[in-house]
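[1] Quick one, what's the 3D model for this:
(chains A, B, C, D, E and F)
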There are 4 protein chains.
Amino acid sequence: MGRPTNTDERREQIVLGLQQVMAERGYEKATIAAIAEAAGLTAGLVHYHFGSKHEILLCLIERLAESWRARAAAAEGRSPRERLAGLIDAWLALGEGASPGAVASWVALGAEAVQQPEIRQLYAAVASEATESLESAVSAVLRAEGRTTRHGRAIAAGLMAAVQGYLQLGVATSGVVPRGTAAATLKTMAFGALDAQGRRA
Amino acid sequence: MGRPTNTDERREQIVLGLQQVMAERGYEKATIAAIAEAAGLTAGLVHYHFGSKHEILLCLIERLAESWRARAAAAEGRSPRERLAGLIDAWLALGEGASPGAVASWVALGAEAVQQPEIRQLYAAVASEATESLESAVSAVLRAEGRTTRHGRAIAAGLMAAVQGYLQLGVATSGVVPRGTAAATLKTMAFGALDAQGRRA
Amino acid sequence: MGRPTNTDERREQIVLGLQQVMAERGYEKATIAAIAEAAGLTAGLVHYHFGSKHEILLCLIERLAESWRARAAAAEGRSPRERLAGLIDAWLALGEGASPGAVASWVALGAEAVQQPEIRQLYAAVASEATESLESAVSAVLRAEGRTTRHGRAIAAGLMAAVQGYLQLGVATSGVVPRGTAAATLKTMAFGALDAQGRRA
Amino acid sequence: MGRPTNTDERREQIVLGLQQVMAERGYEKATIAAIAEAAGLTAGLVHYHFGSKHEILLCLIERLAESWRARAAAAEGRSPRERLAGLIDAWLALGEGASPGAVASWVALGAEAVQQPEIRQLYAAVASEATESLESAVSAVLRAEGRTTRHGRAIAAGLMAAVQGYLQLGVATSGVVPRGTAAATLKTMAFGALDAQGRRA
DNA sequence: GATGAATGAGCGTTCATTCAT
DNA sequence: AATGAATGAACGCTCATTCAT
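    As a prediction, this is how the structure comes out:
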């Protein structure tokens, strides 16, 4: 009896709709009507499946985080240097995957994080998680090479910053970053910094 | 004869008002009323001195760019390595100067650049200018050390990306970047990458 | 042959749901979803058993009227003065009976009657019926005491007004009417007015 | 310099607009658009002069209260019985004065008081104030006639209830209360009740 | 009978912009 | 120059109602 639920699919559609619209216009201008249209639904239905626009954003964050985690997981089980390189690729190859709006919506999310405390917390949590995984890889390299791990966290944060900056420049400018150089250059910077760390006694 | 014009001061006030409000809320939520209040003026007067909210934003971009140029100029006339370090400081010390909202408003501007073509163009022009000055410094170092300058632009773009990422993480997260490590770590990464560039025959 | 109908019980549940929600929020804010929840049903089912929200209200009026009639019937067969006192109790004891929401929903109904012609008519019909029964009791007292019945209707209307006012002040204020004084005071006013009616020649 | 303010007049217009629309449709259905139209303004302007619809309601309450106070003041300085009669008239003659919507909006307000705590408090405060002035008049009569004032408050509350009930029946029914009998009948009930109070030793 | 998705009109409110003073 | 009223087009959200299952 009764009608089978389709909320999961609808919510998925709606979150993807937000991702798409947000990539083009940012969160504020991602109106419910625009999200609904992108999702092929009506505005009323969006509010049937989500209590508020804010709630959709929370779902999008989780989705983007999960997508990154899946990419990062591919770097596990390799040598220290390869693992670090893989984690960098997990971020910088974000746009080459399925959804073209993922990078742009992540960048827009970073702007919302400045203003909305709850978003800030969730965004910072993902950034922290990512930085910690970078730190783990950085330290593994340093240990394997007998170097001090004293600046491991700082270097990981620097790599995370570079990654976020690359994504941002990628969607907000044209020509500033030469095509196809991001990942390789960042690896050069990363290993250059690692090579500069002193040997332990 | 009428009263002497005070348009320049008023425009300055208004632009600073936008900077302040934008730093806290972003561009969309920076209402004319809020800008006016931050500037100590009335909403109507804002539109007397500026045709539109968009026009204020254009002025703010120019202001932020000019502020950066002034900081960057301080790096001129030094040794290649010191000049590069000085350019990095010109960006990362942005927040330590006069206005606390400069960094946050620049980050918010980066988000607007994704969406508004005209803003994108101006934002990209500043980013390009900055990247070129970085490239000039990077190449100077490489030339001075007899290294290939082939990847000069890519490295400069990487430094620019890292700078922007540091600024963004700084205003959008807490604890991801260890306090006070940004400039030193980025210089380590920069020189590490430069040291990795091959010697010319 | 299909399942046996349970429409009557369902309608009863729904009407009670409206009574409960209306007592707390009034008719406008008594959403179908809230009524359904109060009734332990789903929103869709409410519209299966009732064509519209308005229709539920019509049923509630009849229910409240019937409940009053039952209380009023208890006053029959007594002496004139006791009958009048019993009718007053039939109204003012409304809240002491089964449903705590009956009084509040009746008061809310009175507000709707101002606005909706159809509700107004039904509400006025109940009020008229009640006033007529009061008038009948008032006149019986007057006749028994050899007084003029000229102002019987006016006095009955005054008693009805006082009853409605007591109910309204009871749900809309605290402390205005001293606890437990309503019925006794109204009877004092009623008999005081009756005693003031002149003797017939 | 600058434009002279007209906020006071506009707010007055808007409050009267709410009174009028609320009298016809109740508070919930008194949309900002309807209020604006009744006031001869646009919807946007209503929110320029009032922060919210709720705030307009608060102003209306104060206005209605003030109007009642002015009427009640006319009863001062007379004999005890005349003062009591004057206070009853102050309420029941409400509709015969300037605004035909005053009574209906007061009744609608009473319905809102059941639901909205803040409105309830203000409504109850006015009702309390009015009941206290009735009690003062009632007690004056009783004292002047050497009767016990023990039930003064209860009688005053009963009169207040009757007043509110008359107003309510007046706007929600037709024919229940015979035209023109309200004030006289209530006075009969009031004095009848007073006459029934025992003499002090 | 019953469920829950779906619709669409309408709500209070916001806000850039215009204009009278 | 400056003020503050005025406009009108959104926006996020609510909700009675309809309909597919």
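
[2] name the element the residue of chain A found nearest DNA strand E belongs to?
    Residue nearest to DNA strand E within chain A (Cβ to the nearest atom of the strand): A:Gly44, separated by 2.3 Å. Any C-beta I mention is one placed from the backbone N, CA and C, and that applies to glycine too. Following DSSP states H and E, one finds A:Gly44 within helix A:43-49.

[3] is any part of that helix close to DNA strand F?
    Yes - residues of helix A:43-49 are located near DNA strand F by Cβ under 7 Å from any atom of the strand, namely A:43-44, A:47-48.

[4] I'd like those laid out as TSV, including distance to B:Thr185 and neighbour count.
    TSV is the format used below for the residues of helix A:43-49 next to DNA strand F (distance: Cβ to Cβ, whole Å; neighbours: other Cβ atoms under 10 Å in any protein chain shown):
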residue	distance to B:Thr185	neighbour count
A:Ala43	47	13
A:Gly44	50	9
A:His47	46	16
A:Tyr48	49	11
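
[5] The helix or strand containing A:Ala36 packs against which elements?
    Assigned by DSSP H and E, A:Ala36 belongs to helix A:32-39. With contacts taken as 3 or more Cβ pairs under 8 Å, 6 or more residues apart in numbering or on different chains; DSSP states H and E, helix A:32-39 sits against helix A:7-25, helix A:43-49, helix A:53-73.

[6] Swap in 7 Å and give it another go.
    Other elements packing on helix A:32-39 under the criterion 3 or more Cβ pairs under 7 Å, 6 or more residues apart in numbering or on different chains; DSSP states H and E are helix A:7-25, helix A:43-49.

[7] Is the helix holding A:Gly44 in proximity to chain C?
    No - using Cβ under 7 Å from any Cβ of the partner chain, helix A:43-49 never reaches chain C; the gap is at least 11.3 Å.

[8] name the helices or strands packed onto that helix?
    Helices and strands touching helix A:43-49, by 3+ Cβ pairs under 7 Å, 6+ apart, are helix A:7-25, helix A:32-39.

[9] What pLDDT is listed against A:Gly2?
    As predicted, A:Gly2 sits at a pLDDT of 84.

[10] what residue of chain A is the furthest out?
    A:Met1 (42.4 Å; Cα atoms, centre = their mean).

[11] hang on, the earlier thing: would CSV of the helices and strands packed on helix A:32-39 with mean pLDDT be doable?
    Formatted as CSV, the helices and strands packed on helix A:32-39 follow (pLDDT from 0 to 100):
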stretch, mean pLDDT
helix A:7-25, 98
helix A:43-49, 98
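
[12] Quick one: closest of the ones you listed to C:Leu87.
    Closest approach to C:Leu87 among these is made by helix A:43-49 (49.8 Å; Cβ to Cβ).

[13] how far out from the middle of the chain is that closest one?
    27 Å (Cα atoms, centre = their mean, to the nearest Å).

[14] Name the residues of stretch A:17-32 that are buried.
    A:17-28, A:30, A:32 (16 or more other Cβ atoms under 10 Å in any protein chain shown).

[15] wait, does that stretch make contact with DNA strand E?
    No - for stretch A:17-32, no contact with DNA strand E is found by Cβ under 7 Å from any atom of the strand; the gap never falls below 9.1 Å.

[16] Tell me how far A:Leu186 lies from A:Val176.
    Using Cβ to Cβ, to the nearest Å, we find A:Leu186 at a distance of 15 Å from A:Val176.

[17] Am I right that A:Ser99 sits in a strand?
    No - counting by DSSP: H, G, I helix; E, B strand; the rest coil, A:Ser99 falls outside a strand, being coil.

[18] And it, how far from A:Glu129?
    Counting by Cβ to Cβ, the gap from A:Ser99 to A:Glu129 is 21 Å.

[19] do A:Arg200 as well
    A:Arg200 sits 28 Å away from A:Glu129 when distances are taken as Cβ to Cβ.
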